[in-house]
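K.L.:
Give me a model of this one.
(chains A and B)
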Amino acid sequence: MADVEMNGAQNGGRKQTPAPVAEKIAVLRWVRENFFSSIGNTILTVVIGVFIVKFLPPFIEWAFFDAVWGAQTHEACRASEGACWAVITEKHRPMLFGLYPYEEHWRLIIALIVYVGAICITLTRRFWHVKILVPLWIANLAICCLLMWGGIFGLTFVETQQWGGLPLTMVLFTGTVVFGMPIAVLLALGRRSHLPGIKAVCVTAIECMRGVPLITILFVAVNVFPLFLPQGLEFDVMVRVMAGMAIFFACYQAEVIRGGLQAIPRGQYEAAEAIGLGYWQMMVRIILPQALRVCLPGIVNHIIAAFKNTSYVLIIGLFDILSATTAVMQDPLWRLFTIEAYIFVALIYFVFCFALSKYSQNLEQWLDQGRR
Amino acid sequence: MADQPQTPKSDNSILNSIAFRGIAYQVLLGAAIALLGWYLYTNVNENLDRQNIATGWDFLEEPAGFGISESIIAFDSSQTFARIFLAGVLNTLHVAFFGIILATILGVTMGIARVSRNWLVAKLASTYVEICRNVPVVLHVIFWSSIIRLLPHPRQAIEPFDGAFISNRGLMLPFPFDHSLYPWLGLALIVGIAGAVYFTRWARITREQTGKYIATFWPSIGIALGVPLVVWLIGGAPLTWDFPALRGFNYQGGISLSPEYIALLIGITVYTAAFIAEIVRSGIESIHAGQIEAANALGLRRGFVMRYITIPQALRVIVPPTASQFLSLTKNSSLGVLIGYPDLVNIGNTSLNQTGQAVEAIAIMMLVYLTISLTISGIMNLYNKLVAIKER
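P.N.:
Numbering: from 1, shown residues only, chains lettered A, B, ... in the order given. I've put the predicted structure just below:
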């Protein structure tokens, strides 16, 4: 219902919001206006109605009524016509947590809860203050790292090669955003710099990174980067991949932030200079807080993209949730039910991305309030 | 100077001059980049020497030693790496070209459907958009790939209409046998398009001079397609279909699309179309209601309002982000490496493993994508200049 109303608002009020159900005539009018307003519209309604009647019930039967739920065997799944959700009951542990030692999974569950809690607090506007957010994230990252690595307080040590599943996705995502954002700000400032040398370097970096697929950057991180280092010096492959993704993310984000910087009127710069602020003081105290606020929805959109992009590590053999699922589904007994497993993974991605994108829209409306 | 006792003494020194500092920063940055580059270069050389890996581009002239499952140009494993890279680039362009066309059609349809006044249509389109763009493209591609793997074997293939077969070996379609008239049909199509362009210009000049409105959309499509149709009919309407038929374990004849190609094409198309739909929607919604009302108040026809009021203004909002969607579709076609479609990245990856020359193989991939990206964005910038507001 809220969704319908929001759509109405987005369309500039062109669409009628449904009237109270109590008024029968109003309902009829709503139906007529939304389904049968013209001949073409009626034909569309009928065609789509037929399509829905034909395909929706079989799908619902497949997904719900004929489906095999709970802790069933793969024989039960083979015997059934419907979806095999039992595959998720059977395999959800390795799908969600990869190669992480089975008895230690509780640590990951706590880490995920802490992490999601921290994200929820971060997204609440009331807590938008450096003095709250910075300690929150330091504490959050410390707790999550402690739980995942272990090694102290009686927790067994788990090396990063064994990390996998959803926590690895979250680690890659967090690393990308945390390291990527400062680089993005620097690149955006560099691109707007008056110094031609600095500007040229930033433009080249941004355009080259944006011109190649993420896969090639991951290949560089995995295959070429070790060659760059002197003998004996090595970085963990997860760290290398994270660095590659952070730089890639930063180059896209830099363009969004540049848009925000361009939206700040010249008077703000001039006023800052007039009261004697230096370049960095002017940027940190006057310009960036306004610019980042203007382009916040765009920033959130690229953060969503960064979350989806973590799935690229499938190609280079890190076991994030998608990759772990693909590996688990090689099991010949359950191989026939790969689709169900992928739907489950898709649902996880969907919930996270959809929630963030709705949040971004909400933010946009909030930012627009003051301007109208 | 004596009037300003508080001013620190060093204020006049060259170190505090903005111009000097600017130059100094740039020199420092340049030096840092040069040093880093030199350091990395020596490290790479040392490491490659130690691991006995050859450097340079000589490997491109050597036989590749591995084959590829599909290619537009003829290829066998005795041919060179240079040729297999070319085959990969062509495969990438092939899937990206059709992906862009299909994503545009699907995206524009869904974008218009999202603002439809029909509640059912709008809801259906918005469900599609939300589901598809909130799931990673990697998942889209492997999802479709595993669906195709679950399809029946060629012997039990699904036959949606006569001569078309869907199986886990891909999609087989009937295709006309080649005929000596067909090259002429291509020529006739070009003549037809030229005629349509000329007709549109004539209609515009007539409208500007006499005020008489001549509908151009359907007539120009008719002219463009009618000329080849007439040529075909005059030529005796030659058409024999080459039907795919089951021989041994697979189908022969007709035209066949491999499962990898279909999975990649559907995956990247469906994903990108969801974004294009959002762009189209925001383009349509960006037009002020007053514009349409004013046009209606003038008594302009619906088609005219669409063609001369709505579309030109919406395009200005739609084109730049759509161009970057085309670019990202092209870059996402690199996911072929995941499911075994022999695109550039897949071939680069195999070559890298065969020769060990990681730097060269990855450099080729990056350079090719960079070239494609810069070309597409160049073309789009040109187009963007054409549709932008002409201000004096």
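
K.L.:
switch to C-alpha atoms for all contacts and neighbour counts from now on
P.N.:
Noted.

K.L.:
what residues are up against residue A:51?
P.N.:
For residue A:51, the contact set (CA atoms under 8 Å, 6 or more residues apart in numbering or on different chains) is empty.

K.L.:
and the gap between it and chain B?
P.N.:
11 Å (CA to the nearest CA, to the nearest Å).

K.L.:
Which secondary structure state does that residue sit in?
P.N.:
helix (DSSP: H, G, I helix; E, B strand; the rest coil).

K.L.:
ditto for residue A:315
P.N.:
Relying on three-state DSSP, one would call residue A:315 helix.

K.L.:
excluding its backbone neighbours, what's nearest it?
P.N.:
Excluding the flanking residues, the one nearest residue A:315 by CA to CA, 6 or more residues apart in numbering or on different chains is residue B:338, at 6.3 Å.

K.L.:
how much space is there between the one you found and residue B:140?
P.N.:
Plainly put, residue B:338 is 12 Å away from residue B:140 if you go by CA to CA, to the nearest Å.

K.L.:
on that earlier part again, how many neighbours does the residue nearest to residue A:315 have?
P.N.:
20 (other CA atoms under 10 Å in any protein chain shown).

K.L.:
and what of the one 4 residues further on?
P.N.:
By other CA under 10 Å, 29 other residues sit near residue B:342.

K.L.:
Validate this expectation: residue B:178 resides in a helix.
P.N.:
No: counting by three-state DSSP, residue B:178 is not part of a helix but coil.

K.L.:
Give me the pLDDT for residue 67.
P.N.:
Picked chain A for this. Per-residue pLDDT puts residue A:67 at 75.

K.L.:
oops, chain B please
P.N.:
Predicted confidence (pLDDT) for residue B:67: 75.

K.L.:
for the closest residue to it other than its chain neighbours, what are its contacts?
P.N.:
What sits nearest to residue B:67 in space, not counting adjacent residues and going by CA to CA, 6+ apart, is residue B:77, at 4.7 Å. By CA under 8 Å, 6+ apart, the contact set of residue B:77 is B:63-67.

K.L.:
Could you rerun that using 6 Å?
P.N.:
Applying CA atoms under 6 Å, 6 or more residues apart in numbering or on different chains to residue B:77 gives the contacts B:64-67.

K.L.:
Then residue A:277?
P.N.:
Applying CA under 6 Å, 6+ apart, no residues contact residue A:277.

K.L.:
which residues are in contact with the helix or strand of chain B with the lowest mean pLDDT?
P.N.:
In chain B, the helix or strand scored least confidently by mean pLDDT, DSSP states H and E is strand B:250-252, which has a mean of 72. Contacts with strand B:250-252, where a contact means CA under 6 Å, 6+ apart, come from B:244-245.

K.L.:
Give me the sheet partners of that strand and which way each runs.
P.N.:
strand B:245-247 (antiparallel) (DSSP bridges).

K.L.:
in whichever helix in chain A runs longest, what counts as buried?
P.N.:
Identified as the longest helix of chain A according to DSSP state H is helix A:338-369. By 16 or more other CA atoms under 10 Å in any protein chain shown, the buried positions in helix A:338-369 come out as A:338-342, A:344-346, A:348-350, A:353-354, A:356-357, A:359-360, A:363-364, A:367.

K.L.:
For the least confident helix or strand of chain B, buried residues please.
P.N.:
Result for strand B:250-252 [16+ other CA under 10 Å]: buried residues residue B:251.

K.L.:
ok, the following helix or strand past it: who's next to it in the sheet?
P.N.:
Later in the chain than strand B:250-252, the nearest helix or strand by DSSP states H and E is strand B:255-257. Sheet pairing here is set by DSSP bridges, and for strand B:255-257 it gives strand B:170-173 (antiparallel).

K.L.:
Low-confidence bits of chain B, can you list those?
P.N.:
B:1-12, B:248-249, B:388-392 (pLDDT under 70).

K.L.:
Helices along that one, start to end?
P.N.:
Taking DSSP H, the helices of chain B run over residues B:18-50, B:81-114, B:119-133, B:137-149, B:182-210, B:217-234, B:259-285, B:289-297, B:302-305, B:311-332, B:336-339, B:344-355, B:358-387.

K.L.:
What residues sit buried inside stretch A:314-334?
P.N.:
Result for stretch A:314-334 [16+ other CA under 10 Å]: buried residues A:314-316, A:318-329, A:334.

K.L.:
Let's see which of those residues end up in strands.
P.N.:
Among the buried residues of stretch A:314-334, DSSP state E puts none in strands.

K.L.:
And those residues, which is closest to chain B?
P.N.:
Ranked by distance to chain B (CA to the nearest CA), the buried residues of stretch A:314-334 are led by residue A:315 at 6.3 Å.

K.L.:
Residue ranges of each domain in the chain, please.
P.N.:
You didn't pick a chain, so chain A it is. A:2-79, A:92-100+A:158-369 (automatic domain parsing).

K.L.:
look at chain B instead
P.N.:
B:19-50, B:81-177+B:240-387.

K.L.:
can you tell if the first one touches chain A?
P.N.:
What that stands for is domain B:19-50. Yes: using CA under 6 Å from any CA of the partner chain, domain B:19-50 reaches chain A at B:26, B:40, B:43-44, B:47.

K.L.:
so which of the residues you listed is the most crowded?
P.N.:
Neighbour-wise, the residues of domain B:19-50 next to chain A (other CA under 10 Å) top out at residue B:44, 20 neighbours.

K.L.:
which residues does that residue contact?
P.N.:
Contacts of residue B:44 (CA under 6 Å, 6+ apart): A:227-228.

K.L.:
and the stretch 1-150 of chain A, which residues reach chain B?
P.N.:
A:34-35.

K.L.:
Now the stretch 1-150 of chain A against chain B: closest residue?
P.N.:
For the stretch 1-150 of chain A, CA to the nearest CA, closest residue to chain B: residue A:34, 4.8 Å.
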